[in-house]
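Enquirer: Got a predicted structure plus its sequence, pasted below:
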Amino acid sequence: MSQSDASPLPAAVDELWWRRAELSPADAEARAVVVDAVDMLDSGKARVAEVSRTGEVVVDERARRAVMLAFRVLGMARSQVGDFHHHDRVPLKTSVEGVRVVPGAIARWGSYLAPGVVLMPSFVDIGAHVDEGSTVGTWVSIGAGAQIGRNVRLSGGAGVGETGGRDGAEDPLGTGEPSAVPVVVEDGALIGGRAVISDGARVGRGAVVGAGTILSGSTPVVDVRTGEELSRGHVPDWCVATGGTRWHDFPGGGFGLRCVLVLDRLEEGHRPGRAELGRLLHG
């Protein structure tokens, strides 16, 4: 992970960050700066993170700070959509041009949804970025700042993004520290139902993550063919992975600790059908 030195957001965001303890919704000048910055995230003109040409996740720290500052400078407000009443600091997203939004889907202002995205009843938080052609399945939750690539499939009930943090405090990204990397799911990946990708984890291009898998930034990712630990918290490109356990001996006995197992590698550009995927994941 590296930090971008070329943020499209103004340096005023940094100035506000360093005196964030003094800020409140009564500070109209600070609120105007933060609203303009989050508007750029909402329109896709800025983003919290992206994958560089060299394959490194580059974080725009200024964009992250703008998201966290929003919870400092926005006051609670009541709103209504049809029969549904809301009371929150962050309003709902209003710009959904070219996006299919099924009733029950919720996207907060400050999230970006590219044309061709499909939102089933689901939740997309502030600072998230969902790229072209991706499908967000029923009851999927995309956390603050999570980055979803093109033509990604997030199956029903999957959780992608933060797991910690207190929404409305200074750490809605759930990372515990402002320099932590957001969750990234790259182009063409498939995330199975009820899988959880959290705490700075990354899923590579075209990778398949099986249903129910739990991948955090510290989860060992192990190649079943060699027993080699490939990474912590990163499923490589074009791999088929699922949750598993790895045996460890402790003073109190032997126990299986959670890991993610890479079962197979796909040819680049190949997306397996349902039958082939079942064979790869279940034998």
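Expert: Cool, the structure landed.
Enquirer: Helices along this structure, start to end?
Expert: Counting by DSSP state H, the chain has helices at residues 12-18, 28-43, 61-73, 274-282.
Enquirer: pLDDT below threshold where in the stretch 51-200 of the chain?
Expert: Low-confidence segments of the stretch 51-200 of the chain (pLDDT under 70): 163-180.
Enquirer: hmm, back to that, of the helices of the chain, flag the one that's most buried.
Expert: For the helices of the chain, the largest average neighbour count (mean count of other Cβ atoms under 10 Å) is found in helix 61-73, namely a mean of 23. Glycine gets a C-beta too; all of them are placed from N, C-alpha and C.
Enquirer: That one - contacts with which helices or strands?
Expert: Helix 61-73 sits against helix 12-18, helix 28-43, with contacts defined as 3 or more Cβ pairs under 8 Å, 6 or more residues apart in numbering; DSSP states H and E.
Enquirer: Report the angle between the longest one and helix 61-73.
Expert: Spelled out, that is helix 28-43. Using axes from the mean of the first three to the mean of the last three Cα atoms, to 10 degrees, the direction of helix 28-43 lies 130 degrees away from that of helix 61-73.
Enquirer: which residues touch helix 28-43?
Expert: If you take Cβ atoms under 8 Å, 6 or more residues apart in numbering as the criterion, helix 28-43 is touched by 8-10, 12-13, 16, 23, 25, 46-48, 62-63, 66-67, 69-70, 72-74, 93, 95, 109-112, 126-127, 129.
Enquirer: And the shortest one, by the same measure?
Expert: Contacts to helix 12-18, defined as Cβ under 8 Å, 6+ apart, come from residues 23, 30, 33-34, 37, 62, 65-66, 68-69, 178.
Enquirer: Tell me the one among the residues you listed nearest to Leu261.
Expert: Set against Leu261, the nearest of the contacts of helix 12-18 by Cβ to Cβ is Pro178 (32.8 Å).
Enquirer: For stretch 93-105, which residues meet the burial criterion?
Expert: Neighbour counts over stretch 93-105 (16 or more other Cβ atoms under 10 Å) mark 93, 99, 101, 105 as buried.
Enquirer: Restricted to strands, list those.
Expert: Judged by DSSP state E, strands contain the following of these: Val101.
Enquirer: Asp223: neighbour count?
Expert: Using other Cβ atoms under 10 Å, Asp223 has 17 other residues around it.
Enquirer: now swap in Val51 and tell me
Expert: Neighbour tally, Val51, other Cβ under 10 Å: 17.
Enquirer: Kindly report the same for Gly244.
Expert: By other Cβ under 10 Å, neighbour count at Gly244 equals 18.
Enquirer: I figured it hits Pro220, correct?
Expert: No - counting by Cβ atoms under 8 Å, Gly244 stays clear of Pro220, with 9.7 Å between them.
Enquirer: which neighbours do those two share?
Expert: 259-260.
Enquirer: Redo the helices and strands packed on helix 61-73 as CSV? Include distance to Leu281 and mean pLDDT.
Expert: Below are the helices and strands packed on helix 61-73 laid out as CSV (distance: least, Cβ to Cβ, whole Å; pLDDT from 0 to 100):
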stretch, distance to Leu281, mean pLDDT
helix 12-18, 43, 98
helix 28-43, 35, 98
